[in-house]
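Participant: I would like the atomic coordinates for the input below:
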Amino acid sequence: MTTNDKQRGSQPSAASDFAGSLWKGALGGVLILAIAIPVMRWRQQSAAPATPAVVAIAPVAPVQPAPPAAGPSAAQPPLTFRVANFGDHEPSRDARNMADWILQSGDNQKRAFVIVDKKGAQVYVFDANGKLKQTTMALMGKAIGDDSFPGSI
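Facilitator: Now for the predicted structure:
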């Protein structure tokens, strides 16, 4: 036997290292479970629901609606729908819906706004009241909904 053979015999193999580590891990897991399970059971038993208290509820009298207030202050202004004015331009349905929504919701906070219509490849510039000020064509990317010009594939 050479010196190398003696050194190899004294070193544990990789398989025995793995088996030893696996054994220690399993033993540690069992030990943790042995401690954790009784603690969890104890917590469940100590957190048992208390008996609910009996509470009496008084009957509620029906509420009478208030009579309508008389006078000019009671009159409410009529509801108005604000729609965008595209003039003689024919926008896509999505662009028109977006412009109308901006005006009706007040999302523009009484400021001018711009809509980029990707499907129609147009840019619309509106004043604060929703009147179209300027429009121009726009060059978009080549993807679904991003046509470089109307009707392109």
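Participant: Any idea which helix or strand in the protein has the lowest mean pLDDT?
Facilitator: Scoring the helices and strands of the chain by mean pLDDT, DSSP states H and E places helix 3-10 at the bottom, with a mean of 55.
Participant: tell me the average confidence for the helix or strand where residue 24 lies?
Facilitator: According to DSSP states H and E, residue 24 maps onto helix 14-46. Averaging pLDDT along helix 14-46 yields 83.
Participant: Going by neighbour count, list what's buried in it.
Facilitator: The neighbour-count check on helix 14-46 (16 or more other C-beta atoms under 10 Å) flags nothing as buried. No exception for glycine: its C-beta is placed from N, CA and C like everyone else's.
Participant: Buried residues, the helix or strand that comes right after that helix. List them.
Facilitator: The C-terminal neighbour of helix 14-46 among helices and strands, as given by DSSP H and E, is helix 93-105. Going by neighbour count (16+ other C-beta under 10 Å), the buried part of helix 93-105 is 95-96, 98-99, 102-103.
Participant: Could you dump those into JSON lines and include distance to residue 136 and pLDDT?
Facilitator: As requested, those are arranged in JSON lines below (distance: C-beta to C-beta, whole Å; pLDDT from 0 to 100):
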{"residue": "95", "distance to residue 136": "13", "pLDDT": "93"}
{"residue": "96", "distance to residue 136": "17", "pLDDT": "93"}
{"residue": "98", "distance to residue 136": "17", "pLDDT": "94"}
{"residue": "99", "distance to residue 136": "16", "pLDDT": "94"}
{"residue": "102", "distance to residue 136": "19", "pLDDT": "93"}
{"residue": "103", "distance to residue 136": "21", "pLDDT": "92"}
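Participant: Can you say which two of these are spatially most distant?
Facilitator: 95 and 103 (13.0 Å; C-beta to C-beta).
Participant: quick one, domains of the protein?
Facilitator: 15-46, 83-153 (automatic domain parsing).
Participant: So for residue 61, which of those domains sits nearest?
Facilitator: domain 83-153 (40.5 Å).
Participant: what's the closest non-adjacent residue to residue 110?
Facilitator: Spatially, and ignoring its direct neighbours in sequence, residue 110 is nearest to residue 128 (5.0 Å; C-beta to C-beta, 6 or more residues apart in numbering).
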